[in-house]
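Asks: sequence first, predicted coordinates after that:
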Amino acid sequence: MPVWIAFARSKFSLVWYSVLVTDSANHLAHLNTAQQKAVRAIDGPLLVLAGAGAGKTRVIAHRILEIVRQGTAPERILAITFTNKAAAEMRERVLGLLPAAGRPPFVSTFHSLGLSIIKENAALLGFARTPAIYDRNDSLREMKAALKQLGVEDTEPRAALNTMSKQKGQGVSVHDFAAQAHSFHDRTTASAWSLYEQALRKDGAVDFDDLLVRAMQLLRDNAAVRTHYREKWSHIHIDEYQDTNQVQAQLAGLLVGDKQNICAVGDIDQTIYGWRGALIENMIHFERTFPGAQTVILEENYRSTQNILAAANEVIVKNPNRPEKNLFTKNKEGEALGLYQAFDELDEAAFVARKIQELRKEGVAPKDFCVLYRANFQSRALEEALLANNIPYQVLGTRFFERKEVKDALSFIRAALFSTPADIERITKAVPSGIGKVTLTKVLEGKENELTGAVREKVAKLRNLLARIREKAEQLSPGELVQFVITESGMERLCKEDKAEGVERLENLRELGNLAARYNTLPQAEALEAFLESTSLQSDQDELKEDANAVRMMTVHASKGLEFPYVFIVGLEEGLFPYSREGDSAKEAQEERRLMYVAITRAEKKVFLTYASYRTVFGSKNATFPSQFISDIPDYLLEVENPERLGRTIYLD
């Protein structure tokens, strides 16, 4: 029998609404026993060890429904994951289960959560307005400038940026890092980091790491703010908990109230981001952090065939210090994993293209294939082979919002609204403005009175353009505003004059307008802000064009959370996959094994494993050895793919 429950809509106004909640048997009927146990455990801390393809998103969604069914208002529930794509899928699942009345649960990424907390407490954090967000390229630009100011040429900006980012993720401040810096690289990074922080403060900006660090520090140091959010969210869900770094785990812990209603969902066997600060210990020590926690293990896989899972289990079982977990499925046994020994990377790529063509003739669509590799350089030979065979493909990695013309257009909007120095500097270079470095410095330092008449006119012209953009921002929808900027800034004209890349650049700008138009339905005051935030919080997986009928190509790291009917795992050679560097620890070797486990479990129907006898690296063709991961898989699970080298001559010394 349906149950009607009434909730207070907010603590400020006693507005009530009714929610029709279906009988629990209906929403639990399609869950297995372990899933039902996790869904029903709504009080106190809960750890859900969810194997690949075990339906963890379904469990989180139904658990949220169960919490609402038991009397909690939906808006008092928080669910956090890592990518926009995962958050969108979770939000869709949750909203599909809950009635459309009242405010929904807060479902977002960690970075979106951090931004939300910072925005709501901007004044407490010393910001006059919502801070601008540095993306990776902005951060790299400032780090380069800092190293140049220090006169240091021996330190790679990306290396310094990566060191700083990892330290921030561990909750280490620039002062703490400087105090412990002993090597030349660390001392240089500390000095550059200090200058980098000065640039952030000058721009009234934060970088991606700060979105987490500043939010965590605020909750840690301000009891009133901490109490506010604990009262706001009574139940917290953290997806992919094994990927949390120290700051993310602290942030989640600070949000948990006295009742300890936190549900952490993840898979230790899919911990593959240790190199960027993820701490597997967060999951291993969950029961120590939250005493009395229940643990539920989800082992039934709904994605892959029995043979695929058997191969994955054989690979991962060799990792020590992991909770006992063995994936199984009620799916059919399926085909054996295909194994191909190529002569070199060209032969390997030709096999991939040939096999895709064979399966396409059987009715398999290009979008059903994914090619996974350990390192980005491997994509070149594969792309050439797919192009030669007229096979459509999409390489994950060239991010839309990092394209120059897209960043230029967004900078015009941000410069108009926020007067951020970095954006003003960018737009003076985006379109010929006659404003050079010296002039720009005087403008930013408020010394325009020192400019000559001609230069002052150029500055005035730019200010006039920004004023018009600012005015239109209050009148136009986000989609219309982007089109206005493209035209009025002169970017459209420049693209049309560029006979080499202009057409592609203009298409990218128009696509930016299409993306902005998705926010047109929001209220005027919210739409543009929401659009600009979304452009700053993109991840690699957000670049996937879901409707594109093309073969997907990506690193194994980028594939986590995705699934495809047919998966090629290429380059299975010692030193490449598993990747090895001098001085690698046993911990890093275990992460490589987990990476292989992730790669195999992306597949639904069939996995193809390939390795080359020779591979060209830095212009030299070197002999290779098959990956240990291949020998981990029993012969009965493998099927050797026949080579097709007719008409090819191989010369051996």
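Replies: Yep, it's here. Numbers count the residues shown, from 1 in each chain.
Asks: residues in contact with stretch 524-536?
Replies: Surrounding stretch 524-536, the residues in contact under the criterion CB atoms under 8 Å, 6 or more residues apart in numbering are 84, 112, 115, 130, 133, 135, 401, 410, 413-414, 417, 473-474, 477-478, 481, 515-516, 518-522. From N, CA and C alone the C-beta is placed, and that goes for glycine too.
Asks: mark which of those are buried, thanks.
Replies: Buried by 16 or more other CB atoms under 10 Å: 84, 112, 115, 130, 133, 135, 401, 410, 413-414, 417, 473, 477-478, 481, 515-516, 519, out of the contacts of stretch 524-536.
Asks: poorly predicted segments of the stretch 1-150 of the chain, please.
Replies: For the stretch 1-150 of the chain, applying pLDDT under 70 flags the ranges 1-25, 101.
Asks: how many neighbours does the residue lying closest to residue 431 once chain neighbours are set aside have?
Replies: In space, residue 431 comes closest to residue 490 once its chain neighbours are excluded; the distance is 4.5 Å by CB to CB, 6 or more residues apart in numbering. Counted with other CB atoms under 10 Å, residues neighbouring residue 490 total 14.
Asks: what does residue 323 give?
Replies: When neighbours are counted by other CB under 10 Å, residue 323 registers 13.
Asks: can you pull the pLDDT of it?
Replies: Per-residue confidence (pLDDT) for residue 323: 80.
Asks: what helices and strands are in contact with the helix or strand hosting residue 480?
Replies: Residue 480 belongs to helix 478-488 when assigned by DSSP states H and E. Judged by 3 or more CB pairs under 8 Å, 6 or more residues apart in numbering; DSSP states H and E, helix 478-488 is in contact with helix 404-418, helix 453-473, helix 502-517, helix 524-536.
Asks: for the last one, give the mean pLDDT please.
Replies: This means helix 524-536. Mean pLDDT, helix 524-536: 82.
Asks: quick one: low-confidence ranges for the stretch 401-550 of the chain?
Replies: Using pLDDT under 70, the stretch 401-550 of the chain drops low at 401-402, 499-501, 504, 538-547.
Asks: 80 instead?
Replies: Along the stretch 401-550 of the chain, segments meeting pLDDT under 80 span 401-403, 432-433, 443-446, 448-450, 497-505, 507-508, 511, 514-515, 525, 534-547.
Asks: as a check, name the ranges of all strands in the stretch 1-150 of the chain.
Replies: Secondary structure of the stretch 1-150 of the chain (DSSP state E, counting those that start in this stretch): strands located at 3-8, 16-21, 46-50, 77-81, 106-109, 132-134.
Asks: with respect to residue 253, which of the helices and strands packed on helix 478-488 lies nearest?
Replies: Nearest to residue 253, of all the helices and strands packed on helix 478-488, is helix 524-536, at 25.3 Å by CB to CB.
Asks: if you count neighbours, what's buried in the closest one?
Replies: Within helix 524-536, the residues that count as buried by 16+ other CB under 10 Å are 527-528, 531-536.
Asks: give the next helix or strand downstream of it.
Replies: strand 551-555.
Asks: what is the rounded mean pLDDT of that following strand?
Replies: The average of the pLDDT scores along strand 551-555 is 93.
Asks: what do you get for stretch 644-653?
Replies: For stretch 644-653, the mean per-residue pLDDT is 44.
Asks: mind checking what helix or strand follows the helix or strand hosting residue 236 in sequence?
Replies: Element membership for residue 236 (DSSP H and E) is strand 235-238. The helix or strand immediately downstream of strand 235-238 is helix 246-255, counting by DSSP H and E.
Asks: quick revisit: now the helices and strands packed on helix 478-488 as JSON lines including distance to residue 324?
Replies: Formatted as JSON lines, the helices and strands packed on helix 478-488 follow (distance: least, CB to CB, whole Å):
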{"stretch": "helix 404-418", "distance to residue 324": "48"}
{"stretch": "helix 453-473", "distance to residue 324": "57"}
{"stretch": "helix 502-517", "distance to residue 324": "45"}
{"stretch": "helix 524-536", "distance to residue 324": "41"}
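Asks: among the ones you listed, which comes closest to residue 246?
Replies: Residue 246 lies closest, by CB to CB, to one member of the helices and strands packed on helix 478-488: helix 524-536, at 23.3 Å.
Asks: angle of that closest one against helix 453-473?
Replies: 110 degrees (axes from the mean of the first three to the mean of the last three CA atoms, to 10 degrees).
Asks: can you give me the strands in the stretch 201-350 of the chain?
Replies: 205-207, 235-238, 262-266, 294-298, 337-342.
Asks: leaving out sequence neighbours, find the closest residue to residue 234.
Replies: residue 76 (4.6 Å).
Asks: so that neighbour touches residue 236, yeah?
Replies: No: Residue 76 is beyond contact range of residue 236, at 10.2 Å (criterion: CB atoms under 8 Å).
Asks: show me which of the two is the more surrounded one.
Replies: More neighbours surround residue 236 than the other of residue 76 and residue 236, with 23 against 18 (other CB under 10 Å).
Asks: contacting residues for the closest residue in space to residue 41 that isn't next to it in sequence?
Replies: Counting by CB to CB, 6+ apart, residue 41 lies nearest to residue 294, which is 5.3 Å off, once chain neighbours are set aside. Residues in contact with residue 294 (CB under 8 Å, 6+ apart) are 41, 44-47.
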